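1. could you work out the structure for the sequence below:
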Amino acid sequence: MKKISSISLTLLLVSFNLSVMAKEYKPLSQDEKNKILKVLSKEQVEVTQHEGTERPFKNAFHDNKQDGIYVDVVSGEPLFSSLDKYDSGTGWPSFTKPIDKKNIVEKVDKGLFSTRTEVRSKNADSHLGHVFNDGPKDKGGLRYCMNSASMKFIPAADLTKQEYKDYAEYEKLFKKDLVPYKK
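-> Down below sits the predicted model:
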């Protein structure tokens with residue numbers, strides 16, 4: 001029988017608890033979505049609703065190094081964790097995997113003279129970016145190349161605040177005694 005280290009077991013239990021406890025997000029009605037879109041910037045609407053792409057290196061999160069989670073700017077669905085973010089050199093925030101695969105949908109995108117895999121949020125149907133198979137091999141080989149304009153960042157230190165109570169379960173990811181040093 002294979003021996004599991006206490007850190008591995010703790011991370012496994014945290015991961016299991018997150019998948020069991022995570023809030024279920026439901027599709028937005030068109031009225032709900034329209035109300036939210038009215039308060040977003042022109043760029044956020046262009047990116048999320050019209051498959052736009054923001055400029056590389058000129059966006060909010062390409063070089064963000066804070067611990068926290070990234071959520072859909074329209075629906076609030078949790079998308080990515082800073083623990084899976086890395087510098088791909090592309091000028092867009094890049095991740096090795098989603099925080100919860102059930103909150104994203106991948107679709108074939110035949111635009112821009114090639115076939116790519118588009119990434120959208122499940123319940124708001126927001127365009128987030130694309131996934132490529134040129135990511136770090138030791139982390140699964142995927143690069144989720146996202147638009148900052150499609151996401152809101154919630155710092156790990158704020159995850160237990162009342163305004164972010166729906167995300168409190170993700171605070172466990174950032175407990176330093178549970179997570180091995182990643183840098």
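2. could you pull up phi and psi at P155?
-> Dihedral angles of P155 (phi, psi; degrees, to the nearest 10) stand at phi -60, psi 150.
3. look up the closest residue to it, ignoring the ones flanking it.
-> G68 (4.3 Å; CB to CB, 6 or more residues apart in numbering). Yep, even glycine has a C-beta here, placed from its N, CA and C like the rest.
4. same check, this time on V74
-> Nearest non-adjacent residue to V74 (CB to CB, 6+ apart): A124, at 3.9 Å.
5. give me the residues contacting stretch 147-165.
-> With CB atoms under 8 Å, 6 or more residues apart in numbering as the test, stretch 147-165 has contacts from 41, 43-44, 46-48, 52-54, 59-62, 64, 66-73, 76, 79-80, 82, 92-93, 121, 126-129, 167-168, 170-171, 173-174.
6. again, but for stretch 123-130
-> By CB under 8 Å, 6+ apart, stretch 123-130 touches 25-28, 33, 47-53, 72-75, 77, 79, 92, 103-105, 109, 116-121, 144-147, 150-151.
7. buried sites along it?
-> Buried positions in stretch 123-130, judged by neighbour count with 16 or more other CB atoms under 10 Å: N123, A124, D125, S126, H127, L128, G129, H130.
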